[in-house]
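Peer 1: the sequence and its predicted three-dimensional model are supplied below.
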2 protein chains.
Amino acid sequence: MQSPTRLVFFLSNGTAITAETLGLSLLAQFPDHKFQTRTIPFIDTLEKAHAVAEEVNCGINEANQLPIVICTMGDDDLMKIINQTKALVIDPFGDILPRLEKVLAAQHHQPGQSHRTVNPSLYESRIEAIDFAMQHDDGGRTHSYDEADIILLGVSRSGKTPSCLYLALQFGIKAANYPITEEDMQYEKLPEPLRPFKERLYGLTTNLTRLANVRQERRPDSRYSSLEQCRYELRAVEDMYRRHEIPYINTSEMSVEEISARIIRDNELHRTDLN
Amino acid sequence: MQSPTRLVFFLSNGTAITAETLGLSLLAQFPDHKFQTRTIPFIDTLEKAHAVAEEVNCGINEANQLPIVICTMGDDDLMKIINQTKALVIDPFGDILPRLEKVLAAQHHQPGQSHRTVNPSLYESRIEAIDFAMQHDDGGRTHSYDEADIILLGVSRSGKTPSCLYLALQFGIKAANYPITEEDMQYEKLPEPLRPFKERLYGLTTNLTRLANVRQERRPDSRYSSLEQCRYELRAVEDMYRRHEIPYINTSEMSVEEISARIIRDNELHRTDLN
């Protein structure tokens, strides 16, 4: 039996990215339940906190169930207001910070700064990586591949562009991508611009039906989106990866986050982190 | 006095995005401490867990302090191995899931699926938004602005492109961006392609020194990066925003995450979420 949809609030005085990321992970552990989520960031005054608390108290579902709240408020006074609601309030900071304080022998402060701080040089390296990904998308500017941390290969619509952008945005990694075309597939050798950079190449592939569906969205009922064509290209590109010993993954069951995490791990890429 | 650098591990049998996001937020509450972090994703076998546990046990800093571990293992057997290390192990799932189980009257399962599940239609809408952002970057394809959820304005290097890409990648929001050029600034009226879409416009601005520094990186010692030119452009663009009552924010102290969260909030944009 399907349970009634539960309301879930992700609240924070900052961007609410932490509350939301943790919250979605927690909810994913209950796949048989239906949730309706609402993210409310920047609750940074007592007035706003009171208004949100009222909203939470009114958020009863059709089975008269109170909402669940996941709240990473960095401020004790604001947190108190949310804690006084009738919902189940989960406060990971409240649970964990005391233990960290103990082990670090320190008081915490600087509430809600987690996605706020701008370290200019780190910001620059992210922006630089984004510029790089934009310029080196879809086989652009192959002459400057020596600056690339990684070069993703794959047939059209196998997930190269989102992966490159995510690597740049999240990790400051300079990722280029090169589309393997039918012409490239006709030769034994690697496409010329790739040859000097064999150790930076990483292949993406996907499932036949998935590729055909994605291409169908783009150019319905074309040769490009036909099962035949997709089958040919996937076989040829995987043959190419194996022939040249290029590591590759099948992205068909993966989110962009997972593809990126695997690329980083498999290639031991250096991430420009926020710390 | 500066404390010695503490080693911090973010561990997971999945992408480790949750462990890392929560972990970085927690560490940000201790700005006087130095941390060296290491993210290890995909610890999905007993062998891998034992190897990581050994690494954690060896990770002692110069003051003989054991590491901190933040671990979102969805699997009890794997979690046990990490819990047996000598480090301070923080296990947010272990802390919170029992409370959720109680309130939902359910057992959790599906460990580590949080950043894995691919809902094809949601994946499509993200990809579509990324395609849109790429095509509508920097004033591209202004004739299809009717499909945009939001159109970001700003002078060159004020953060438009990263914000559009982040909105697309994270939230499936179709964001275009239009660079306000010197020519645009000379007229009282809005640039023509923008006029029919006034309610979708959102302005970015930044601080003088920040803009000059960012531009200096790009084209050193040019008119483009001069304080004079930057001052003129920022004044003119802010005048334009005010004249046409376009809401705007100053992004100079903000991360891409925060800019995006504010754009969503201020414009009440609909997010294509993972749930």
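Peer 2: All right, it came through fine. Residues are numbered from 1 along each chain as shown, chains lettered A, B, ... in the order given.

Peer 1: from here on, contacts and neighbour counts on C-alpha atoms
Peer 2: Noted.

Peer 1: what parts of the stretch 151-275 of chain A come near chain B?
Peer 2: Within the stretch 151-275 of chain A, the positions adjacent to chain B are A:162, A:165-166, A:169, A:214, A:253-255, A:257-258, A:261-262, A:265, A:274-275 by Cα under 8 Å from any Cα of the partner chain.

Peer 1: by neighbour count, which of the residues you listed wins?
Peer 2: When neighbours are taken as other Cα atoms under 10 Å in any protein chain shown, the top entry among these is A:L165 (30 neighbours).

Peer 1: before we move on, back to that, of all pairs in the residues of the stretch 151-275 of chain A next to chain B, which one is the farthest apart?
Peer 2: A:V214 and A:N275 (37.4 Å; Cα to Cα).

Peer 1: pull the residues that contact the lowest-mean-pLDDT helix or strand in chain A.
Peer 2: One helix or strand of chain A scores below all others by mean pLDDT, DSSP states H and E: helix A:120-135, with a mean of 88. Contacts to helix A:120-135, defined as Cα atoms under 8 Å, 6 or more residues apart in numbering or on different chains, come from residues A:141, A:164-165, A:168-177, A:272-274, B:134, B:162, B:214, B:255.

Peer 1: check stretch A:161-177 too.
Peer 2: A:125-130, A:132-134, A:136-139, A:145, A:147-153, A:160, A:256-257, A:259-260, A:269-273, B:127, B:130, B:162, B:165-166, B:169.

Peer 1: repeat that with 6 Å
Peer 2: Residues outside stretch A:161-177 that contact it (Cα atoms under 6 Å, 6 or more residues apart in numbering or on different chains): A:125-126, A:129-130, A:133, A:136-139, A:148-153, A:256, A:260, A:271-272.

Peer 1: cool, stretch A:79-87 as well?
Peer 2: A:A53, A:L66, A:P67, A:I68, A:M73.

Peer 1: now do it: distance from first to last residue.
Peer 2: 13 Å (Cα to Cα, to the nearest Å).

Peer 1: rewinding a little: buried set for the least confident helix or strand of chain A?
Peer 2: For helix A:120-135, the neighbour count (16 or more other Cα atoms under 10 Å in any protein chain shown) marks A:L122, A:Y123, A:S125, A:R126, A:I127, A:E128, A:A129, A:I130, A:D131, A:F132, A:A133, A:M134 as buried.

Peer 1: going by distance to B:P98, which of the contacts of stretch A:79-87 wins?
Peer 2: Scanning those for proximity to B:P98, where the rule is Cα to Cα, the winner is A:I68, at 13.7 Å.

Peer 1: what comes up buried for stretch A:182-195?
Peer 2: Neighbour count says stretch A:182-195 has A:D184, A:M185, A:L190, A:L194 buried, by 16+ other Cα under 10 Å.

Peer 1: ramachandran angles for the last one?
Peer 2: Going back to what we said before, that points to A:L194. A:L194 adopts backbone torsions of phi -90, psi -20, taken as degrees, to the nearest 10.

Peer 1: quick one, what contacts it?
Peer 2: Per Cα under 6 Å, 6+ apart, neighbours of A:L194: none.

Peer 1: distance-wise, check it relative to A:L153.
Peer 2: 10 Å.

Peer 1: the least confident helix or strand of chain A to helix B:120-135, inter-axis angle?
Peer 2: Taking axes from the mean of the first three to the mean of the last three Cα atoms, to 10 degrees, one finds helix A:120-135 and helix B:120-135 inclined to each other by 90 degrees.

Peer 1: on the three-state scheme, the residue nearest to A:P191 when sequence neighbours are not counted is what?
Peer 2: Spatial nearest neighbour of A:P191, chain neighbours left out: A:D184 (6.0 Å); criterion: Cα to Cα, 6 or more residues apart in numbering or on different chains. Classification of A:D184 using DSSP: H, G, I helix; E, B strand; the rest coil returns helix.

Peer 1: ok, A:L7 to chain B distance?
Peer 2: 12 Å (Cα to the nearest Cα, to the nearest Å).

Peer 1: tell me the bridge partners for that residue.
Peer 2: Bridge pairing for A:L7 (DSSP bridges) gives the partners A:Q36.

Peer 1: so what's the residue count around it?
Peer 2: A:L7: 20 neighbours (other Cα under 10 Å).

Peer 1: could you pull out the strands for chain A?
Peer 2: All strands of chain A, identified by DSSP state E, fall at A:6-12, A:35-40, A:68-72, A:88-90, A:150-154, A:175-179, A:201-205, A:248-250.

Peer 1: in JSON lines: these, plus distance to B:I96 and mean pLDDT.
Peer 2: As requested, the strands of chain A are exported to JSON lines (distance: least, Cα to Cα, whole Å; pLDDT from 0 to 100):
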{"stretch": "strand A:6-12", "distance to B:I96": "15", "mean pLDDT": "96"}
{"stretch": "strand A:35-40", "distance to B:I96": "17", "mean pLDDT": "94"}
{"stretch": "strand A:68-72", "distance to B:I96": "10", "mean pLDDT": "97"}
{"stretch": "strand A:88-90", "distance to B:I96": "7", "mean pLDDT": "96"}
{"stretch": "strand A:150-154", "distance to B:I96": "38", "mean pLDDT": "98"}
{"stretch": "strand A:175-179", "distance to B:I96": "37", "mean pLDDT": "98"}
{"stretch": "strand A:201-205", "distance to B:I96": "37", "mean pLDDT": "98"}
{"stretch": "strand A:248-250", "distance to B:I96": "33", "mean pLDDT": "97"}
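
Peer 1: residue contacts, the nearest residue to A:T39 once chain neighbours are set aside?
Peer 2: Excluding the flanking residues, the one nearest A:T39 by Cα to Cα, 6+ apart is A:F10, at 4.6 Å. By Cα under 6 Å, 6+ apart, the residues touching A:F10 are A:A19, A:E20, A:T39, A:I70, A:C71.
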